[in-house]
Every structure is written in structure tokens, then in C-alpha cells.
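>>> predicted model and sequence follow; I will ask about them next.
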Amino acid sequence: MQDNRDEREVPATRRVHGVDQNVLVDPPGLGLSEPLTRVSDIAGAADAAIDLLAGLGVEGPVDWVGNAFGGHVGFALGARPGVLRSLVAVSSPTQAVAGPLRARIRLLLPILRAAGPVGPVRSAILSTMLTDASAAREPILRVVEEALARPTRHSLALAVQSFSLNRIDVTAGLVDLRVPSLFVASDNRGDWTPEDAAAAAALAPRADLVTIGAARTLVLLAQPEALARQIRQVWERSA
């Protein structure tokens with residue numbers, strides 16, 4: 001994460017003080033964020049999120065919705081008193097990347113650095129993010145491919161290294177997650193099964209679990225209506 005904090009992270013925040021405010025934030029080094037120039041981590045991204053909220057003039061706790069890495073940032077923010085009012089963590093594994101997936105990322109990372117998201121790298125990213133049925137839907141595929149095309153090769157590789165390859169196990173810290181939380185699992189993500197999500201939710205004092213079918217990592221693209229219903233229910237309970 002750059003010191004100027006311009007590459008602000010991940011999810012959407014929502015504040016209700018008479019008027020709804022929704023903010024969609026690109027991850028560090030991805031989307032429309034400035035390029036990453038060095039390896040970052042979740043703690044740095046959480047610090048940047050605090051700066052972001054202050055810069056937006058947000059006062060008081062917010063509702064944080066994070067998909068994948070955005071959920072990891074939410075885990076960190078939820079342990080900090082007074083930052084969050086609620087958390088929705090979507091497809092956000094709490095354990096470190098397992099051996100076989102770690103080996104695959106290490107194998108493909110040099111190709112990503114040299115040539116970008118092409119060939120086997122593109123195939124690996126799409127198969128991780130989308131089910132075959134979702135990837136066959138042109139509007140969904142276009143969103144993902146356009147997102148991959150925005151960052152530089154160097155920035156994209158640093159983001160993968162920082163937030164995928166270097167992902168750490170945060171399971172032990174879930175006991176400090178004191179805000180109302182919803183862990184959203186999908187039925188088709190191998191490194192965070194519904195059983196994994198249930199075990200994680202059982203550790204957090206105020207967490208519930210829901211599984212959304214026919215989705216992999218990008219639940220928000222594959223099943224937007226189902227996810228929106230779950231988010232609204234969390235916000236209604238915490239209002």
C-alpha cells in the first residue's frame with residue numbers, strides 16, 4: 001500500500017444518518033486505484049480504510065460489505081472499536097491459502113508479471129472467480145475481464161502476491177469480531193466451503209452464516225439479487 005493511501009480498498013460502505021451513503025471502493029492496486037508499487041497486507045489496507053472514511057467525512061460506525069479481500073479488511077476493521085456497525089464478508093476465507101492452491105499461484109505469478117492476465121493465468125483467474133455457467137454469461141465475463149485489464153501487470157502481480165499468496169490465517173482473531181456479522185459462503189468455492197464458513201462463524205460472537213448457491217468467489221456478480229436480500233436483512237437488524 002502506498003503511503004499516500006490513494007489506492008483505497010475493497011468493498012462498499014453504507015451509513016444511515018437520515019440519508020443513505022453508499023461508497024464502492026476498488027482494492028489496492030486494482031480497478032481504478034493507483035498502482036501498487038510494493039507488497040502490502042491486510043493491516044495496511046485496514047489503516048487505509050480508516051483514512052478513507054475520515055476523508056469522506058464519515059462520523060460513527062458504518063456497515064461494511066466486502067467480497068473476498070474486502071471481507072478480510074472487514075475482519076480487521078470489525079475488531080477495532082467503533083469503526084463498524086455491521087459486517088458482511090462474502091466469500092472471504094479465514095484460513096491461509098492451502099498448499100495446492102499456493103503452489104498454483106506461485107507457478108503462475110511469474111507469467112502474470114511478465115505478460116499479464118493471459119493464457120493459463122487468465123484461465124486460472126476466471127475459474128477461481130466464476131463458475132462455468134457465470135463465465136458463459138457475456139455481461140459477467142466482460143466485467144471481470146475489464147477489471148483485469150485496468151491495472152498494470154506489475155500492480156496486478158503485487159496485488160495477487162499481497163492478498164492471495166500472502167493471505168494469513170485470521171481464524172484466531174474472530175473472537176474479537178464484536179459487531180453483527182454475516183459470513184456469506186458459496187457452494188462452489190473449494191478453499192472456503194460452507195463447512196469452513198460455518199466453523200468460522202461459530203467463533204465470532206455475533207456472526208451468522210448463509211450459503212448462496214450457483215456461485216464461486218464473485219457471488220455479487222453470479223447471484224446479485226440473493227446477496228442483496230441478505231445484505232438488506234443485516235442492515236435492517238442493525239439499524
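Received, thanks.
>>> any regions of the chain where pLDDT drops low?
Scanning the chain for pLDDT under 70 picks out 1-20.
>>> contacting residues around the longest helix belonging to the chain?
For the chain, the longest helix by residue count, based on DSSP state H, is helix 99-115. With contacts defined as Cβ atoms under 8 Å, 6 or more residues apart in numbering, helix 99-115 is touched by 97, 118-121, 124, 153-154, 156-157, 160-161, 164-165, 190-191. (C-beta placed from N, C-alpha, C; glycine too.)
>>> as a check, name the ranges of all helices in this protein.
Ranges of helices within the chain are 42-55, 69-78, 99-115, 119-129, 132-135, 138-149, 153-160, 194-203, 219-222, 224-238, based on DSSP H.
>>> could you provide these in JSON lines, with additional columns for distance to residue 21 and mean neighbour count?
Listed next are the helices of the chain as JSON lines, based on distance: least, Cβ to Cβ, whole Å; neighbours: other Cβ atoms under 10 Å:
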{"stretch": "helix 42-55", "distance to residue 21": "11", "mean neighbour count": "18"}
{"stretch": "helix 69-78", "distance to residue 21": "17", "mean neighbour count": "26"}
{"stretch": "helix 99-115", "distance to residue 21": "35", "mean neighbour count": "15"}
{"stretch": "helix 119-129", "distance to residue 21": "28", "mean neighbour count": "17"}
{"stretch": "helix 132-135", "distance to residue 21": "30", "mean neighbour count": "15"}
{"stretch": "helix 138-149", "distance to residue 21": "24", "mean neighbour count": "14"}
{"stretch": "helix 153-160", "distance to residue 21": "27", "mean neighbour count": "21"}
{"stretch": "helix 194-203", "distance to residue 21": "28", "mean neighbour count": "17"}
{"stretch": "helix 219-222", "distance to residue 21": "19", "mean neighbour count": "23"}
{"stretch": "helix 224-238", "distance to residue 21": "13", "mean neighbour count": "15"}
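>>> which among the ones you listed is found nearest to residue 175?
helix 194-203 (6.0 Å; Cβ to Cβ).
>>> for that closest one, name the packing helices and strands.
Judged by 3 or more Cβ pairs under 8 Å, 6 or more residues apart in numbering; DSSP states H and E, the packing partners of helix 194-203 are strand 181-186, strand 207-212.
>>> any idea of the angle the first one forms with helix 224-238?
So that's strand 181-186. For strand 181-186 against helix 224-238, the angle by axes from the mean of the first three to the mean of the last three Cα atoms, to 10 degrees is 170 degrees.
>>> grab the nearest non-local neighbour of residue 193.
residue 185 (7.0 Å; Cβ to Cβ, 6 or more residues apart in numbering).
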